[in-house]
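# build me a model from this:
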Amino acid sequence: MFLNRVELQRDLISSYNEYPFSIPTIKTLDRLEIENQVTFFVGENGSGKSTLLEAIAEKCGFNTAGGGRNNFYDVHRSESALGEFIRLSWWPKVTNGFFLRAESFYNFASHIDEVAAFKSYGGRSLHEQSHGESFMSLFSNRFNGNAIYLLDEPEAALSPQRQLAFLRILHDLVQEGDSQFIIATHSPILLGYPNATIYSFDEESIQEIKYEETNHYRIMRYFLENRERFLKDILQGEE
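Modelled structure (predicted):
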């Protein structure tokens, strides 16, 4: 464990009517305790989970478009709107790590091409691999432990089988005892990682919930168990 608390510095905020403080979960945030090596942020789009994760990445010194402390490149509107208003508590503090932002991963891959840093990512350009292959190359080669990893929707490029392979990589790093993960996700597969902490952003305030209480699990389970009825209700309406 490295990062153990995130606090909103309310004394620096002049108005809660503007983004990102207009987001209910950000508006009501005082402090968020991080007590697990693996923590998940879940919630609908716009609920604030990626906003908070991006702010944490900025405070860690990572490129908020994706990358670590030594990845310098610019992407339009990549700065965090929340970063300067939060405080992180560490024990001990770590400077190694990586911020994965699925939506701007293409820009990160182009940056790696420009600096010719292929060896750290399997020896081949990330652009010469499929989207899923490039993500797995990142996880397999760049994630080496003694670090904090902040991942925003890593499942975006991963098939269900590759999501399971990613969980194996995550588990091996966690078992070594010197890695911490905070992951914003919609994936019921990733959320199933044993003993992880899950924070839901779907209510007025951030709430810790169990895996079986997530909408992701409930909807997927209902769909798989009642596929024909579910699709009939959605596509045709109830008779």
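# please report how far the spatially closest residue to residue 179 that is not a sequence neighbour lies from residue 146.
Excluding its sequence neighbours, the residue lying closest to residue 179 (Cβ to Cβ, 6 or more residues apart in numbering) is residue 173, at 3.9 Å. For the C-beta atoms, the positions are set from N, CA and C on the backbone; glycine is no exception. With distances taken as Cβ to Cβ, to the nearest Å, residue 173 is found 10 Å from residue 146.
# what do those two both touch?
residue 179 (Cβ atoms under 8 Å, 6 or more residues apart in numbering).
# these two: which is more packed in?
More neighbours surround residue 173 than the other of residue 173 and residue 146, with 22 against 15 (other Cβ atoms under 10 Å).
# quick one: residues contacting the more buried one.
143, 145, 179, 181.
# just those residues: which has the poorest pLDDT?
Across the contacts of residue 173, the smallest pLDDT goes to residue 145, namely 84.
# quick one: it from residue 214, how far?
28 Å.
# more neighbours: which of those two?
residue 214 (21 against 13).
# just give the closest residue to that one, not the sequence neighbours.
Leaving aside its sequence neighbours, residue 214 sits nearest to residue 42 (Cβ to Cβ, 6+ apart; 5.6 Å).
# look up how far residue 54 lies from that neighbour.
16 Å.
# now residue 66
Residue 66 is 10 Å from residue 54, by Cβ to Cβ.
# now do the shared contacts for the two.
Joint contacts of residue 66 and residue 54 (Cβ under 8 Å, 6+ apart) are 99, 101.
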